[in-house]
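Enquirer: Only the shape, not the letters, is given here:
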């Protein structure tokens, strides 16, 4: 199959959506499929207001359509609701060509936190975007229930995986800090509720790995916290292994791939009992969920690493790729014959 994935979230961004899409692409290629990714790097782009790490493509339906025609795909998947996603949707709908979509990010909650926009307004626009797809893929039962509550249809499950050959127990980074080490990995941004973690009165050391628009502000506000910047590859894995507990304070994530990565390394998770942690940790014993995050941290510390590892092993990339392929909608033969952009 020749597959075109269209996404506003792509390298050099580092986040769960990019890791999910890039791993899915790599696994599909390993199976013999041809996969092309159309991201902001293929267009002139500009930094996202209030979030310069994210690049926004300066594109139109016509310019995106030229790339779609050049790719000559057998199927198209639109992963995000940004400028590229909307332009691709417009071009494909005009030609009555099918596509699938996926719901990764709680933009309604992000927009409310950043700009005060009511969630009902942004949910309406995002629902309209996905209504054009033959199938909208979701990652967890909790997310499906939320989407149904907001009137989304044509929902198809697409579970997530974690590479447990990479994220596994082994040598840890020798961090010279007082234990227990409480680790956060992810964007340093208001929608991640990271201050809920930073202000906890818990013994030991808080360590933050990642970057984002709040880093400078929070580094100044919490001088006792160790902000280590972005880590990648084996370096990131060693930092996971160094932790006594992984703290996930977000209330807005649809999944939280970093929790799976931590558990793959044998590290327990402390989080709120909300969408994401309820599906990833749940009642597995691989951590603790509590509205009192400090209590969750204390209860999670000391969890058997094997319990954490076994939970991560239940999230298979093979199953994830199987479901993604099953959800795609192939184009009719010679669908683009005679098309002009």
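Expert: In hand now; what should we look at? Please read all numbers here as calculations on a predicted model, not as lab measurements.
Enquirer: Packing partners of the longest strand along the chain?
Expert: As assigned by DSSP state E, the longest strand anywhere in the chain is strand 51-57. Strand 51-57 sits against strand 45-48, helix 83-94, with contacts defined as 3 or more C-beta pairs under 8 Å, 6 or more residues apart in numbering; DSSP states H and E. Every C-beta, even on glycine, is put in place using the N, C-alpha and C of the backbone.
Enquirer: Including mean neighbour count, distance to residue 283 and mean pLDDT, could the ones you listed go into JSON lines?
Expert: Formatted as JSON lines, those follow (neighbours: other C-beta atoms under 10 Å; distance: least, C-beta to C-beta, whole Å; pLDDT from 0 to 100):
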{"stretch": "strand 45-48", "mean neighbour count": "14", "distance to residue 283": "38", "mean pLDDT": "93"}
{"stretch": "helix 83-94", "mean neighbour count": "21", "distance to residue 283": "36", "mean pLDDT": "98"}
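Enquirer: So for residue 139, which of the ones you listed sits nearest?
Expert: helix 83-94 (17.5 Å; C-beta to C-beta).
Enquirer: Can you pull the domain assignment for this structure?
Expert: 2-161+319-327, 181-314 (automatic domain parsing).
Enquirer: Could you point out which of those sits nearest residue 173?
Expert: domain 181-314 (3.9 Å).
Enquirer: Average pLDDT for the closest one, rounded please.
Expert: Regarding domain 181-314, the rounded mean pLDDT is 97.
Enquirer: Give me the distance between residue 320 and residue 228.
Expert: Counting by C-beta to C-beta, to the nearest Å, the gap from residue 320 to residue 228 is 29 Å.
Enquirer: The stretch 201-341 of the chain: strands as residue ranges?
Expert: Under the criterion DSSP state E, counting those that start in this stretch, the stretch 201-341 of the chain contains strands at 205-209, 226-227, 245-248, 269-271, 287-289.
Enquirer: With distance to residue 33 and mean neighbour count as new columns, can these be given to me in CSV?
Expert: Output for the strands of the stretch 201-341 of the chain, formatted as CSV (distance: least, C-beta to C-beta, whole Å; neighbours: other C-beta atoms under 10 Å):
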stretch, distance to residue 33, mean neighbour count
strand 205-209, 33, 21
strand 226-227, 40, 18
strand 245-248, 33, 27
strand 269-271, 33, 29
strand 287-289, 35, 25
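Enquirer: Same list, those, but as a markdown table with distance to residue 71 please.
Expert: What follows is the strands of the stretch 201-341 of the chain, written out as a markdown table (distance: least, C-beta to C-beta, whole Å):
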| stretch | distance to residue 71 |
| --- | --- |
| strand 205-209 | 36 |
| strand 226-227 | 41 |
| strand 245-248 | 37 |
| strand 269-271 | 39 |
| strand 287-289 | 42 |
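Enquirer: Show me the one of those strands that comes nearest residue 299.
Expert: strand 287-289 (3.8 Å).
Enquirer: List the neighbouring strands of that closest one plus their orientation.
Expert: Here strand 287-289 has these sheet partners by DSSP bridges: strand 269-271 (parallel).
Enquirer: what packs against the lengthiest helix in the chain?
Expert: Longest helix in the chain by number of residues, with DSSP state H as the criterion: helix 16-30. The contact analysis (3+ C-beta pairs under 8 Å, 6+ apart) places helix 16-30 against strand 2-6, strand 34-38, helix 257-264, helix 317-327.
Enquirer: Residues in contact with the first one: which ones?
Expert: Right, the one you point to is strand 2-6. 21, 24-25, 28, 33-39, 64, 68, 71-80, 84-85, 88, 328 (C-beta atoms under 8 Å, 6 or more residues apart in numbering).
Enquirer: And that strand, how far out from the chain middle?
Expert: Put simply, strand 2-6 sits 19 Å off its chain's centre (C-alpha atoms, centre = their mean, to the nearest Å).
Enquirer: so what's the backbone phi/psi at residue 39?
Expert: Phi and psi for residue 39, reported as degrees, to the nearest 10, are phi -120, psi -180.
Enquirer: mind checking how far it is from residue 7?
Expert: Taking C-beta to C-beta, one finds residue 39 at 6 Å from residue 7.
Enquirer: Show me which of those two is the more surrounded one.
Expert: Between residue 39 and residue 7, counting by other C-beta atoms under 10 Å, residue 7 is the more crowded of the two (25 against 22).
Enquirer: Please tell me the pLDDT value assigned to that one.
Expert: Reading off the model, residue 7 has pLDDT 98.
Enquirer: I'd like to know how many residues surround residue 36.
Expert: 17.
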